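S.K.: give me coordinates for this.
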Amino acid sequence: MYKVNEMVLYGNEGVCQIVDMMTRSFKGKEIEYYVLKPVYAKGSTVYVPVDNQELLMKMKKILSVEEIMSLLHNMSEELLPWIQNDNIRKEKYRDILKNGTRQDLIQLIRTLYLHQQELKALGKKFHATDEKILNEAEKILHHEFAYVLNIELDEVVPFICKEIDVEERKKTFL
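M.R.: From the prediction side, this is the model:
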């Protein structure tokens, strides 16, 4: 169970603070809710019923600085297999957005980004659904990294690139 003032990652909302727990009556039944305030969507509030397991699964503890650094330094070069069928790919990638680990999100971002670059080189357009999924995955990861590392959102990609480059240089000299 989460506590008031705890920071969590909640689905596509990104990093949120649990600002309250409240009980509301709905159709004569008392329902307890977590009240979440997204850090990067000022004025927005999310209510998550405590007894709704599907919605609670969208709430995750945010990573620590050490966990982010470990994730970056141990990042796999492996990509997700490209799924040719648009509907199946959309379903699979949406499942990663909903239930995947941070490693899964990184693989998803890399896979879509590299596919986008391949299409661009061929003069073709990136599928709108793939673009949307890429943007959602980046938003989730960037919000968490920016919050935990105490950097601006636009500093996340340069930070990741620098960390990856540092690790590559270490491997070269070992």
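S.K.: strands along this protein, start to end?
M.R.: In the chain, the strands defined using DSSP state E lie at 7-10, 14-26, 29-38, 46-49, 59-61.
S.K.: show me what the third one is in contact with.
M.R.: By Cβ atoms under 8 Å, 6 or more residues apart in numbering, the list of residues contacting strand 29-38 from outside reads 2, 8, 10, 13-25, 44-51, 59. Every residue, glycine included, has its C-beta placed from N, CA and C.
S.K.: gap between it and the chain center?
M.R.: Relative to its chain's centre, strand 29-38 lies at 22 Å (Cα atoms, centre = their mean, to the nearest Å).
S.K.: please apply the same query to the shortest one.
M.R.: Strand 59-61 has its average C-alpha position 11 Å from the chain's average C-alpha position, going by Cα atoms, centre = their mean.
S.K.: which parts of it are buried?
M.R.: residue 59 (16 or more other Cβ atoms under 10 Å).
S.K.: and it, what does it pack against?
M.R.: strand 7-10 (3 or more Cβ pairs under 8 Å, 6 or more residues apart in numbering; DSSP states H and E).
S.K.: pull the residues that contact the strand it packs on.
M.R.: Applying Cβ under 8 Å, 6+ apart, the set of residues contacting strand 7-10 from outside is 2, 15-18, 36, 38-39, 46, 48, 58-62, 140, 143-144, 147.
S.K.: tell me the strands beside that strand, with direction?
M.R.: Strands adjacent to strand 7-10 in the sheet, as given by DSSP bridges, are strand 14-26 (antiparallel), strand 59-61 (antiparallel).
S.K.: send the alpha carbons of that strand over as PDB?
M.R.: Backbone C-alpha positions of strand 7-10 (Å, rounded to 0.1, in the frame of the first residue of the first chain) are rendered in PDB as follows:
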ATOM      1  CA  MET A   7       6.000   9.700  -5.400                       C
ATOM      2  CA  VAL A   8       4.900   7.100  -7.900                       C
ATOM      3  CA  LEU A   9       4.900   6.500 -11.600                       C
ATOM      4  CA  TYR A  10       1.300   6.200 -12.800                       C
END
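S.K.: and residue 33, how many neighbours?
M.R.: 19 (other Cβ atoms under 10 Å).
S.K.: contacts only, for the closest residue to it other than its chain neighbours.
M.R.: Of all residues not flanking residue 33 in the chain, residue 47 sits nearest, at 4.5 Å (Cβ to Cβ, 6 or more residues apart in numbering). Residues in contact with residue 47 (Cβ under 8 Å, 6+ apart) are 33, 34, 35, 36.
S.K.: beta partners for residue 47?
M.R.: Going by DSSP bridges, residue 47 forms beta bridges with residue 35.
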